[in-house]
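Undergrad: only geometry, no sequence info:
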Ligand SMILES: Nc1ncnc2c1ncn2[C@@H]1O[C@H](COP(=O)(O)OP(=O)(O)OP(=O)(O)O)[C@@H](O)[C@H]1O
Ligand SMILES: [Mg+2]
């Protein structure tokens, strides 16, 4: 056996009894060949097994790789789908708003804009498509009264963190409302600016028209008040003469007046008085509305004022079969009022109560102090007022619906005048009523 024999071969040779010194026998050679052959066979076997397992595992690896690839692809596609959907919604929202919207980044590139903004500022689509803010602003500026100032302001705004909300009138007369604010990311980094523009011309026009109408109505109302004031004055003078002269005739009448003549004359006096009281109401209202009515405020005894009014109206109440009483404690404080106007307020309320109460009913006038001053209450057990009519009560010339055939005289001015007078005193008037059961008017006046 020579040097360099592979140790495995050496071992085989030793197994066969061949020593390194002698040449192996033929038998030994044959045995060796057989052994070597088997070894090759075994090696073949091992290699085959190894190759098979490598093949199997590499196929599995491939499968795994494919599966992973497929999974990440579907996930990626789903994610992509979601992002696309959000973007589509955002886009549709941008288009659906009434505002023109423009979002510009720090490099003055337009990152989002809707059609409305182009329409509002009459910017051609191809200009919008440049997505260059400077170009767009330049086109828009021609719509503004001072294009240079508009461009300069846009530059200034984009360099600032200012939030701005203002209104501009364009050359063509449209009014544009603008809201402009920096766009900040969650980390506070400013990445651009968003501007919302809205055409508010319709609102502004409506407002202007309303204001115009209000001024016109006020002027008309003032003219009406002035006219009424003059008219009433003109009416009052001859009326006073008619009444005064008729009174005189009645007083001095005697012989020349027949029964009929006296009756006619009495008719003239009654109608004249009624006419005069109406003219007085109109005059008073007109004076108040024209701002020409002045009050002479002084402390007035509440009890005295009420008792005087009740006393004066008791004959009328009695003639209608209505009981009328005052219930005021003597210690009731005085009120701050113009005595003549307070009497007018009380007469109006009490005469209404009597007028709208049927026979056997009663009217009570009372007074008490509460948190809002002295409360003077006029309560009756009369016909009452429907809830719907209550809100019309204090308007001039409004007479709420009365049962047909039962329409006591009057112009519907009493309550309007009463309310104006109470307001002028810094007081208030309220009413509670139940249809068919009665009404209570409460006047609050300041304590003297
Ligand atoms: N106490 C009351 N009970 C029921 N209805 C009332 C009462 N007071 C007022 N009204 C209703 O409110 C309307 C308006 O009252 P207002 O005093 O302003 O007018 P008027 O009494 O009809 O006329 P004028 O007072 O000018 O002579 C009355 O016509 C009546 O329908
Ligand atoms: Mg009245």
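TA: All right, it came through fine. Predicted, not measured: the structure shown is a model, and the values here were computed from it. Ligands and ions are numbered 1, 2, ... in the order given.
Undergrad: give me the number of residues near the residue of the stretch 151-300 of the chain found nearest ligand 1?
TA: Nearest residue of the stretch 151-300 of the chain to ligand 1, counting by Cβ to the nearest ligand atom: residue 281, 5.8 Å away. For every residue, glycine as well, the C-beta is placed using N, CA and C. Residues near residue 281, counting by other Cβ atoms under 10 Å, number 22.
Undergrad: tell me the contacts of it?
TA: 411, 413-414, 417 (Cβ atoms under 8 Å, 6 or more residues apart in numbering).
Undergrad: Now it: which helix or strand?
TA: Here residue 281 is covered by helix 259-289, with elements defined by DSSP states H and E.
Undergrad: next one: residue 166
TA: Here residue 166 is assigned to strand 164-169, by DSSP H and E.
Undergrad: What is the very next helix or strand once past that strand packed up against?
TA: Toward the C-terminal end, the helix or strand that comes next after strand 164-169 (DSSP H and E) is strand 175-184. The contact analysis (3 or more Cβ pairs under 8 Å, 6 or more residues apart in numbering; DSSP states H and E) places strand 175-184 against strand 164-169, strand 190-199.
Undergrad: Point out the one among those strands that comes closest to ligand 2.
TA: Closest to ligand 2 of the helices and strands packed on strand 175-184, according to Cβ to the ion: strand 164-169, at 49.8 Å.
Undergrad: Can you pull the poorly scored residue ranges out of the chain?
TA: Confidence mapping of the chain against pLDDT under 70 gives the ranges 1-4, 17-24, 253-255, 397-410.
Undergrad: Domain-wise, how is this protein divided?
TA: 7-71, 97-199, 205-289, 298-445 (automatic domain parsing).
Undergrad: Would you reformat those domains as TSV and include distance to residue 91?
TA: Shown next, in TSV, are these (distance: least, Cβ to Cβ, whole Å):
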stretch	distance to residue 91
domain 7-71	30
domain 97-199	8
domain 205-289	32
domain 298-445	51
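Undergrad: In contact with the residue of the stretch 201-350 of the chain found nearest ligand 2: list those residues for me.
TA: In the stretch 201-350 of the chain, the residue that lies nearest ligand 2 is residue 348 (5.5 Å; Cβ to the ion). By Cβ under 8 Å, 6+ apart, the residues touching residue 348 are 414-415, 417-418.
Undergrad: The host helix or strand of residue 347: how far from the chain's middle?
TA: According to DSSP H and E, residue 347 maps onto helix 339-355. For helix 339-355, the separation from the chain centroid amounts to 41 Å (computed by Cα atoms, centre = their mean, to the nearest Å).
Undergrad: quick check: angle from it to helix 259-289?
TA: 120 degrees (axes from the mean of the first three to the mean of the last three Cα atoms, to 10 degrees).
Undergrad: Can you show me the helices along the stretch 1-150 of the chain?
TA: 7-15, 26-96, 115-120, 125-129, 133-141, 147-158 (DSSP state H, counting those that start in this stretch).
Undergrad: and stretch 430-447, anywhere near ligand 1?
TA: Yes - on the criterion Cβ under 6 Å from any ligand atom, stretch 430-447 is in touch with ligand 1 at residue 439.
Undergrad: Return the set of buried residues in that stretch.
TA: 431, 433, 438-445 (16 or more other Cβ atoms under 10 Å).
Undergrad: Stretch 419-431 too?
TA: 419-422, 424-425, 427, 429, 431.
Undergrad: ok, so of these, who is nearest ligand 2?
TA: Checking the buried residues of stretch 419-431 against ligand 2 with Cβ to the ion, the nearest one is residue 419 at 11.8 Å.
Undergrad: Quickly check: whichever strand or helix holds that closest one near ligand 1 or not.
TA: Taking DSSP H and E as the definition, residue 419 sits inside helix 414-424. Yes - Helix 414-424 comes into contact with ligand 1 (Cβ under 6 Å from any ligand atom), by way of 414-416.
Undergrad: Keep only those residues that also lie close to ligand 2.
TA: Among the residues of helix 414-424 next to ligand 1, the residues within reach of ligand 2 (Cβ under 5 Å from the ion) are residue 414.
Undergrad: Could you show which parts of the stretch 301-448 of the chain are in contact with ligand 1?
TA: Counting by Cβ under 6 Å from any ligand atom, the stretch 301-448 of the chain sits next to ligand 1 at 348, 352-353, 356, 380, 382-385, 393, 399-400, 402, 410-416, 439.
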